[in-house]
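# Okay, structure incoming, though there's no sequence with it:
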Ligand SMILES: Nc1ncnc2c1ncn2[C@@H]1O[C@H](COP(=O)(O)OP(=O)(O)O)[C@@H](O)[C@H]1O
Ligand SMILES: [Mg+2]
């Protein structure tokens, strides 16, 4: 079982969009668990799952419930069905207390890793959709991860968030490789074109794959489904396929 954390300290960077599409890609060839670790519940929403984690997330991270007790099957709004199992650990209101629950627990940086040990026989891939910021939740996700995938909107601030991701990963007891890509790229903007030309050459972690800024990705919110289910021939769908091929090779 490979664990992929989709993480950046920056909000609105394209993490959840990437997490849902990468999970779909992974489910073409194996069983997938998508864990929505963000109290905002965007991944839960985009996979058509009810925002309710039975018993609350505190019980899950303390080992009082297990993944199989609380997991739900994805139920995409447009009726699409993944080739393999596509399960979701939904976020609900209890996630607002996740930071405190982790802090109070023994081995507070390893709870997510511990919880996932149980699922090793059930899933081939786990995708962790992380909240922004450098929280204990993020430390847990990074600690559990075999690879950290980081979307970067092409702006100067993004390099700062890449630095912050690197720092958090370097502080982990088990540093995973960081795999970053430019997201929400609008080629009509000179600054974006320059970022595309320069950043992958400057920063070793940034791969050449570029996710364009497009309404097709925004439409995921209406479809409540991954891009490939409703616009398979669109550039964005093909980019996520390519991204998954590259990211899964890093694990
Ligand atoms: N490539 C893209 N093109 C256009 N809009 C995008 C793209 N990626 C994400 N968005 C939109 O930007 C917003 C934030 O994206 P999201 O994936 O939720 O980011 P994060 O999880 O980092 O906060 C959402 O409304 C989403 O639909
Ligand atoms: Mg998100």
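Great, that's in hand. Model, not experiment: these values are computed from the prediction. Residues are numbered from 1 along each chain as shown. Ligands and ions are numbered 1, 2, ... in the order given.
# List of residues touching stretch 98-105?
37, 39, 57-58, 61-62, 108-109, 111, 135-137, 140 (C-beta atoms under 8 Å, 6 or more residues apart in numbering). Any C-beta I mention is one placed from the backbone N, CA and C, and that applies to glycine too.
# Show me the strands in the stretch 51-200 of the chain, by range?
72-73, 86-89, 125-129, 147-152, 178-185 (DSSP state E, counting those that start in this stretch).
# could I get these as TSV with mean neighbour count?
TSV is the format used below for the strands of the stretch 51-200 of the chain (neighbours: other C-beta atoms under 10 Å):
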stretch	mean neighbour count
strand 72-73	15
strand 86-89	24
strand 125-129	29
strand 147-152	27
strand 178-185	23
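# wait, which of these is closest to residue 232?
Residue 232 sits nearest to strand 86-89 of all these, at 16.4 Å, using C-beta to C-beta.
# Closest residue of the stretch 151-251 of the chain to ligand 2?
In the stretch 151-251 of the chain, the residue that lies nearest ligand 2 is residue 151 (9.8 Å; C-beta to the ion).
# Distance of the residue nearest to residue 133 when sequence neighbours are not counted relative to residue 83?
Closest residue to residue 133 in three dimensions, ignoring its sequence neighbours and counting by C-beta to C-beta, 6 or more residues apart in numbering: residue 9, at 5.8 Å. Separation of residue 9 from residue 83 (C-beta to C-beta, to the nearest Å): 33 Å.
# Could you do residue 241 as well?
Distance from residue 241 to residue 83, by C-beta to C-beta: 13 Å.
# who has more neighbours, those two?
More neighbours surround residue 241 than the other of residue 241 and residue 83, with 17 against 11 (other C-beta atoms under 10 Å).
# which residues sit in contact with that one?
By C-beta under 8 Å, 6+ apart, the contact set of residue 241 is 25, 228.
# Look at the closest residue to residue 161 other than its chain neighbours and say how many residues are nearby.
The shortest distance from residue 161 to any non-neighbouring residue, by C-beta to C-beta, 6+ apart, is to residue 10 (4.1 Å). For residue 10, the tally of surrounding residues (other C-beta under 10 Å) stands at 22.
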